[in-house]
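Participant: fold the following for me, if possible:
(chains A and B)
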Amino acid sequence: MKNLFGYIGRVFITFLQDLSGLFYLFQETVEQSFVLLSDRKKRSQARLLEYVDEIGVRSLPLVLTVSSLFGIALTVLISFQLKEIGGYSYIPGFVAVAIFREMAPLITAVIIAGRVGAAFTARIGTMKVSEEILALETMAINPVRFLVVQRFIGLLLSLPALTMLAGFTALFGSFLFGSTRLGIQPDTYVRETLDVLMFKDVYSGMIKASVFAVVIAMIGCYRGLVIDGGAEEVGRSTMLAVVSSTLAIIVLDTVMTAAFYG
Amino acid sequence: MRALMIKAQGIKKAYNGRAVLNGTDFVAERKKITYILGTSGGGKSTLLKILIGALKPDAGEVFFGESDITKLSERDLDPFRKKIGMLFQHGALLNSFTVGENIALPIREHTALDDMIIKIMVKMKLELVGLRDFENLQPGRLSGGMRKRVALARALALDPEVVFFDEPTSGLDPIVAAVITKLIADLNRLLGITCVVVTHTVEEAMRIADKIIILYRGKVLAEGTPREIRESASPLVQQFITGSPDGPISFHASSKDFREDLMVE
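Facilitator: Next comes the predicted model:
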């Protein structure tokens, strides 16, 4: 029993330490982002577009495949229920709202946490282990500005855009399935969607995506920077980064949905 | 100009309650080569990290010129860091950059120089370590000795006053090790750079050091010119410089009595 309390206490303290570390990193990242963006030479050196390409463009095939299939699955799922009462005309509106408010931000963020957040931790962690980060510090180069800022900005630009594209792709999947297999007239489908979908549904999803981008970038980079040890630590820390950012995304998603529509 | 470059006093550092440095003093004179020798785990690397400001000691102070760097914040350390160079044990080159970009990095960061001029500076630094043709290679394609020379070129990029070396010859074949040792001596003699070298290779230190400090269990065991060290009467020092397995330095790192440790209650 005593051990259990000790364990819970230790976990809690570690959690608080990580939280304050994350907060400090976020503060430093925002500060260094302004330093970088206001300096033309440093901005061109940072190769921001390369990061947008790596994070955003290269994630497109995966994100679009998953979201189009998801749009179809969602349509199939609700059509079972609505078939009984003959309410197929509700499908477009329901699907559009569910996708833009909830599904597109959540699914895109979880995919990116696994694909990109994990890569941040592994990359930065390997540099930490091989003393490259210490070398940057001894050269008076701020490691946050050198390693974290581009990833942060790249993700902040990419994730909302990816989420938007994922939303439209899911909607298109649902549209194709609804109009070919469920017999909903294409023009009815489009009209119903536009009737129900509000601007708020879209922008609340974009706000969510921006928050998730911050979470993924910060946790991914933080987990890499705090590694102390060897290759084994890199693996463990990468796993921890994916698990904790996925968890944080789901918790924050619930909180934000409640805040926007509760 | 003052003769003292770095002066550390009463440095203490413990990891998880185990004292690694226990009131260590250290002095490096300007334009001299100072070697820090010691057994593995004797606190050499920790001392080096404290001297370059990468690690804060639990107690003690490190003076670089007039200022105590242990009291400085991360940001205030930057002017000091621009005056030093550090050669890491495994080079610590950025793997995603080419050799040339690695050397250009600190120059780009801290000067407003033109790309053309930076390119010339990079070539000069590479020529200094004899690797002018390797500018466009990735560090991953170089041998261990070459990587160390590139890392040395990078450490020299901003013309530092002091260069720190962490085990510069470990893991290298004898010829490459001798080349690196000669490079250190040349930097000192030709460019007047103050060198602080951490190593466990005794012969290398004996050959080029102006002063040798031997660390043992977190304290300075002996200190002096290579000649003074060689003629030291201390059996500990003699065992260390002759590399004998028998002597007062035991290979058992644990302080507990073995028989006591085996007793199961």
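
Participant: which non-adjacent residue is nearest A:Glu54?
Facilitator: Leaving aside its sequence neighbours, A:Glu54 sits nearest to A:Gly154 (CB to CB, 6 or more residues apart in numbering or on different chains; 7.3 Å). Using the backbone N, CA and C atoms, a C-beta is placed for each residue, glycine as well.

Participant: same check, this time on A:Ser204
Facilitator: Leaving aside its chain neighbours, A:Ser204 sits nearest to A:Phe260 (4.6 Å; criterion: CB to CB, 6+ apart).

Participant: got it, and B:Val176?
Facilitator: Spatial nearest neighbour of B:Val176, excluding adjacent residues (CB to CB, 6+ apart): B:Gly145 at 3.7 Å.

Participant: please identify the helix or strand for residue 23.
Facilitator: Looking at chain A here, since you left the chain open. Using DSSP states H and E, A:Phe23 maps to helix A:2-38.

Participant: wrong one, I was asking about chain B
Facilitator: strand B:18-29.

Participant: strand B:18-29 and whichever helix or strand comes after that strand, what's the angle between them?
Facilitator: As assigned by DSSP H and E, the chain's next helix or strand after strand B:18-29 is strand B:33-38. Angle, strand B:33-38 to strand B:18-29, by axes from the mean of the first three to the mean of the last three CA atoms, to 10 degrees: 160 degrees.

Participant: thought A:Glu232 was touching A:Gly125, still the case?
Facilitator: No: the pair A:Gly125 / A:Glu232 is not scored as a contact, 10.8 Å apart, by CB atoms under 8 Å.

Participant: so for these two, which sits in the more crowded spot?
Facilitator: Higher neighbour count among A:Gly125 and A:Glu232: A:Gly125, with 27 against 9, using other CB atoms under 10 Å in any protein chain shown.

Participant: so what's that one up against?
Facilitator: By CB atoms under 8 Å, 6 or more residues apart in numbering or on different chains, the contact set of A:Gly125 is A:223-224, A:227, A:233-234, A:237-238.

Participant: now, which of these lie close to chain B?
Facilitator: Among the contacts of A:Gly125, none lies close to chain B by the criterion of CB under 8 Å from any CB of the partner chain.

Participant: dump the residues you listed to JSON lines, plus secondary structure and distance to A:Ala140.
Facilitator: As requested, the contacts of A:Gly125 are exported to JSON lines (DSSP: H, G, I helix; E, B strand; the rest coil; distance: CB to CB, whole Å):
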{"residue": "A:Arg223", "secondary structure": "helix", "distance to A:Ala140": "25"}
{"residue": "A:Gly224", "secondary structure": "helix", "distance to A:Ala140": "21"}
{"residue": "A:Ile227", "secondary structure": "coil", "distance to A:Ala140": "22"}
{"residue": "A:Glu233", "secondary structure": "helix", "distance to A:Ala140": "27"}
{"residue": "A:Val234", "secondary structure": "helix", "distance to A:Ala140": "26"}
{"residue": "A:Ser237", "secondary structure": "helix", "distance to A:Ala140": "26"}
{"residue": "A:Thr238", "secondary structure": "helix", "distance to A:Ala140": "29"}
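
Participant: now the residues you listed in CSV, with pLDDT, neighbour count and distance to A:Val251?
Facilitator: Formatted as CSV, the contacts of A:Gly125 follow (pLDDT from 0 to 100; neighbours: other CB atoms under 10 Å in any protein chain shown; distance: CB to CB, whole Å):
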residue, pLDDT, neighbour count, distance to A:Val251
A:Arg223, 96, 29, 18
A:Gly224, 96, 28, 22
A:Ile227, 94, 22, 25
A:Glu233, 93, 15, 26
A:Val234, 95, 22, 26
A:Ser237, 95, 24, 21
A:Thr238, 96, 22, 21
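
Participant: flag every residue of chain B that's near chain A.
Facilitator: So chain B meets chain A at B:52-54, B:77-79, B:81-82, B:84-86, B:88-90, B:92-95, B:105-106, B:108-110, B:112, B:154 (CB under 8 Å from any CB).

Participant: quick one, phi/psi of residue 191?
Facilitator: Assuming you mean chain A. In terms of degrees, to the nearest 10, the main-chain angles of A:Arg191 are phi -60, psi -40.

Participant: run a quick neighbour tally on it.
Facilitator: With other CB under 10 Å as criterion, A:Arg191 counts 13.

Participant: spit out the contact partners of B:Leu183.
Facilitator: Contacts of B:Leu183 (CB under 8 Å, 6+ apart): B:129, B:149, B:152.

Participant: now the second one: how far from B:Leu172?
Facilitator: Think B:Arg149. Going from B:Arg149 to B:Leu172 by CB to CB, to the nearest Å gives 10 Å.

Participant: more neighbours: which of the two?
Facilitator: Between B:Arg149 and B:Leu172, counted using other CB under 10 Å, B:Arg149 has the larger neighbour count: 26 against 19.

Participant: name the residue of the stretch 101-250 of chain B that lies nearest to chain A.
Facilitator: The nearest approach of the stretch 101-250 of chain B to chain A comes at B:Pro106, 4.5 Å away (CB to the nearest CB).

Participant: that older thread, what do B:Arg149 and B:Leu172 both touch?
Facilitator: Joint contacts of B:Arg149 and B:Leu172 (CB under 8 Å, 6+ apart) are B:Ile180.

Participant: find the centremost residue of the chain, please.
Facilitator: No chain in the question, so chain A it is. The centroid of chain A falls nearest to A:Ala109 when counting by CA atoms, centre = their mean (2.6 Å).

Participant: wrong one, chain B
Facilitator: With distances taken as CA atoms, centre = their mean, B:Phe165 lies nearest the centre of chain B, 2.9 Å away.

Participant: by mean pLDDT, point me to the weakest helix or strand of chain A.
Facilitator: helix A:40-46 (a mean of 78; mean pLDDT, DSSP states H and E).

Participant: what's the neighbour count on the closest residue to A:Leu159 other than its chain neighbours?
Facilitator: Among residues not flanking A:Leu159 along the chain, A:Ala213 sits closest, at 3.9 Å (CB to CB, 6+ apart). Neighbours of A:Ala213 under the rule other CB under 10 Å: 26.

Participant: list the buried residues of the longest helix that chain B contains.
Facilitator: Across chain B, the longest stretch assigned as helix under DSSP state H is helix B:174-191. For helix B:174-191, burial by neighbour count (16 or more other CB atoms under 10 Å in any protein chain shown) applies to B:176-177, B:179-181, B:183-184, B:187-188.
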